[in-house]
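Trainee: Show me how the following folds:
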Amino acid sequence: MQPDAAADGSQKNGSRHDDPMAMCSLPSSYQHQNSRNLFSSSPEPATIARSNPFLRKPIWALDDVACDDETDRTASVASHSTATHLPSLPSVSDLVRTGERLDGDASPFLPSRVGQDLHADSKRQWSSRETLERHLSLFDLVSLGIGGTIGSGIFVLSGLVANQYAGPAVTLSWALAGVAATLSGVCYAELAGQIPTAGSSYAYVYAAIGELPAFVAAAGLTLEYVISGAAVARSWGDKFGDWLVLDAGMSEEWVEQYMRGWPAGFNPMAAAVSMASLAVLIMGVRESRTVTNFFTVAKLMLIFFMIAGGMTLMKASNFSPYIPPQYGIMGVARGTTSCFFGYIGFDEICCMAGEAKNPRKNLPRAILLTLGCVTLLYILASAVLCGMLPYQNISTTSGFPDAFAQNGAVLSSQLTSFGEVFTLPIVVLVSLMAQPRLMYALAKDGLVPKFFAKIDASGNLMNGTVISGLLMVFIASFVPFNKLDDMISAGILICFSLTNASLVLMRLSSPTDKPYFLEKQIGLFGIFSFLLAYIIVHCAASAFGKGLAIVLCLFMTLTCLSIKYTCPESMNFGGQYSSFGPAGHREPAFFRAPFVPILPCTAIFLNIYLLVRLELDAIMVLFLYFLATISFYFMYGAKHSSGNNCGWKIDGKYSQVVREISLL
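Mentor: Numbering: from 1, shown residues only. Take a look at the predicted model:
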């Protein structure tokens, strides 16, 4: 909602759901000018005094797929009509087919000029739609999730945490990290099912918090997709060189001369694997899906081989003591912090939502199945690894190959080492696959150039893929990542926290007599969480620190309970005028996170706790990165924003738009 609209008192006496104009999130200038600008293919620029960086995108503008068949579509429209207590209106698509004119006679609430413009523009919209094709099945989505998540977690982190932090209790560290990741994963699952559109956290934050926070979330996702993918590519390049020396019999001098001795820190194998991933994506969406499924299945077969083979070499004595006394429970906690980052990647499923079949059901299922499978594999693999060797002897860089070699299984060691090198590039491919979908969502909203929203005849986001791929190739080839890992992790944790907060804001609403009470409580909870996490990490040893931590924990708990017992659940997900019907009458296929707001608030605290444990210099670099992001938003994004200038168009959703406009 625009600042000048707020000044006219439309929200003074109620919550953020009371004002229809606020729900539609239209610029206030539309109250005084022809509504054609909202729907015209070539809208006349709207003149507004200033943009609103906290403009929320309405649910209907995010809803790329309301239903999966004509029967569900009819039910959805009927449910929406009941929820908003409006007369039943004919679908614009029906009017286009029958040639009828949509005018003021169709509804006493709808001006005839708006109806004529809707009718004309719907013909253009239906004849020239640019939308992503929905071709990803549940299997494809789970394959993307597992392929993009399992990487160094099993091959490196399991051995590292066992050797340095937790001993055989690394299995407990993985289990606790899995619980922490699942708390955020459940929030993603509900939001993905309710808002099945490309963009992941960006889309959810845009609907719940506002445009600028969503743009910051998109910058955090870029760290996860492009920068993190480039880091994996560079790590793979180094690992490939080690494999050539240790297993393929190449001389170390040759590897140093031709693979590591390039000027400016150039890593040729990192460039090669990044270029190969880009080439696969340029081939087409179906080809990249086939390659992803193949490598994910190959990776799972390798992991099953490692687990099955390792079980034959396990010794019970290697599990005693389960928690080494020199590490203790604090070592297990430190191990949990490291293990948590082995789960990063599951949210990439959400960025592919625009191409998922039956997304309201399959997206939540894919997220939860991915987290369940990954957690089980991490626990089993780390248990087998600790059973193969005493934890003091486990390699921190090459756990399973070294464990097989020390047990005399040389062939298994070589096969495991080769399999790791062969399957790790799938993480690079999945990361690069997600970034163009994020740019597509940003471009559709006008926050980056429309160039990134172009879809070619084959359904590929060619422009976004090429630009993102070339950027990844450059970064992977020349940028060392030993100082950027914590920055990437911090950006991802901020995205997780924004997403968790978004679920609370979409499910609940402020009391009618306390506008923005919920938003203020969420902000207060975040402040208490940060202070408590900082005290726990840096000041817990002193008596004063312990006492302060208890007080802050009490305040944080009371804030969460205040949200639970004073903020009622919204009639509809996302607000009173959402297109999904009353909250109590949702279709059973919709996944709903349990224990809201307690579960997402707990996830927010855990994410902030992990954030505080990262290095301060990485946090400062991230701050500068976000500062540059905000600067770009005000220099370009705010000036070209669809929401702040001309409104949103919805492909094939004009029947829903009519109902929103009829509220004006």
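Trainee: for residue 356, phi and psi?
Mentor: phi -90, psi 140 (degrees, to the nearest 10).
Trainee: Could you pull up the contacting residues of it?
Mentor: 134, 136, 141, 196, 362, 363, 366 (C-beta atoms under 8 Å, 6 or more residues apart in numbering). (Each C-beta comes from the backbone N, C-alpha and C, glycine too.)
Trainee: Which ones among these lie within helices?
Mentor: 141, 362, 363, 366 (DSSP state H).
Trainee: Pull the contacting residues for the second one.
Mentor: Spelled out, it's residue 362. Per C-beta under 8 Å, 6+ apart, neighbours of residue 362: 137, 138, 141, 356.
Trainee: Surely the first one touches residue 359?
Mentor: Going back to what we said before, that points to residue 137. No - using C-beta atoms under 8 Å, residue 137 makes no contact with residue 359, being 11.0 Å away.
Trainee: do you know how far residue 430 is from residue 345?
Mentor: 7 Å (C-beta to C-beta, to the nearest Å).
Trainee: Need the overlap of contacts for the two.
Mentor: residue 148.
Trainee: Doesn't residue 321 belong to a strand?
Mentor: No - counting by DSSP: H, G, I helix; E, B strand; the rest coil, residue 321 is not part of a strand but coil.
Trainee: residues contacting it?
Mentor: Contacts of residue 321 by C-beta under 8 Å, 6+ apart are 167, 168.
Trainee: what's the answer for residue 536, then?
Mentor: Applying C-beta under 8 Å, 6+ apart, the residues contacting residue 536 are 549, 609, 612.
Trainee: Restricted to helices, list those.
Mentor: The helices, defined by DSSP H, take in 549, 609, 612 from the contacts of residue 536.
Trainee: Filter those residues down to the buried ones and hand me the ChimeraX line.
Mentor: To isolate the buried ones among these in ChimeraX, judged by 16 or more other C-beta atoms under 10 Å, type:
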select :549,609,612
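Trainee: In TSV: the ones in helices among the contacts of residue 536, plus distance to residue 226 and pLDDT.
Mentor: Below are the ones in helices among the contacts of residue 536 laid out as TSV (distance: C-beta to C-beta, whole Å; pLDDT from 0 to 100):
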residue	distance to residue 226	pLDDT
549	38	95
609	27	94
612	25	92
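Trainee: Could you pull out the buried residues of whichever helix or strand residue 530 is part of?
Mentor: Secondary structure from DSSP states H and E places residue 530 in helix 517-538. Residues of helix 517-538 classed as buried by neighbour count (16+ other C-beta under 10 Å): 517-519, 521-522, 524-526, 528-536.
Trainee: picking that back up, of residue 137 and residue 359, give the one with the bigger neighbour count.
Mentor: More crowded of residue 137 and residue 359, by other C-beta atoms under 10 Å: residue 359, with 25 against 16.
Trainee: For the spatially closest residue to the more buried one that is not a sequence neighbour, give its distance to residue 617.
Mentor: Spatial nearest neighbour of residue 359, chain neighbours left out: residue 196 (3.4 Å); criterion: C-beta to C-beta, 6 or more residues apart in numbering. Noted for residue 196: a distance of 39 Å to residue 617, by C-beta to C-beta.
Trainee: With neighbour numbers in mind, choose between those two.
Mentor: residue 196 (25 against 11).
Trainee: In this structure that one contacts residue 366, no?
Mentor: No - using C-beta under 8 Å, residue 196 is not in contact with residue 366; the gap is 11.4 Å.
Trainee: Now do the strands in the protein.
Mentor: Using DSSP state E, no strands are found in the chain.
Trainee: Where does pLDDT dip in it?
Mentor: By pLDDT under 70, the low-scoring segments of the chain are 1-51, 60, 62-130, 482-483, 575-589, 647-664.
Trainee: Please report phi then psi for the residue nearest to residue 359.
Mentor: Taking degrees, to the nearest 10, you get phi -80, psi 70 for the backbone angles of residue 196.
Trainee: the helices in the stretch 151-300 of the chain, which residues?
Mentor: Along the stretch 151-300 of the chain, counting by DSSP state H, counting those that start in this stretch, helices occupy 152, 158-161, 170-194, 201-208, 211-222, 228-246, 252-258, 268-283, 285-311.
Trainee: ok, and which of those helices has the densest surroundings?
Mentor: helix 201-208 (a mean of 30; mean count of other C-beta atoms under 10 Å).
Trainee: what does that helix contact?
Mentor: Contacts of helix 201-208 (C-beta under 8 Å, 6+ apart): 56-59, 62, 191, 195, 197, 199, 213-215, 217-218, 220-221, 347, 350, 438, 441-442, 445, 495-496, 498-499, 501-503, 505-506, 574.
Trainee: Could you tell me how many residues sit around residue 429?
Mentor: Based on other C-beta under 10 Å, the number of other residues close to residue 429 is 25.
Trainee: which of the contacts of residue 356 tops the neighbour count?
Mentor: Top of the contacts of residue 356 by neighbour count (other C-beta under 10 Å): residue 366, with 30 neighbours.
Trainee: Distance of the residue lying closest to that residue once chain neighbours are set aside relative to residue 508?
Mentor: In space, and not counting its chain neighbours, residue 366 is closest to residue 141: 3.6 Å by C-beta to C-beta, 6+ apart. Between residue 141 and residue 508 the distance is 28 Å, computed by C-beta to C-beta.
Trainee: quick one: residue 298 and residue 423 touch, right?
Mentor: Yes - with contact defined as C-beta under 8 Å, residue 298 counts as touching residue 423 (5.4 Å).
Trainee: just checking, residue 379 touches residue 176?
Mentor: No - with contact defined as C-beta under 8 Å, residue 379 does not reach residue 176; the gap is 10.6 Å.
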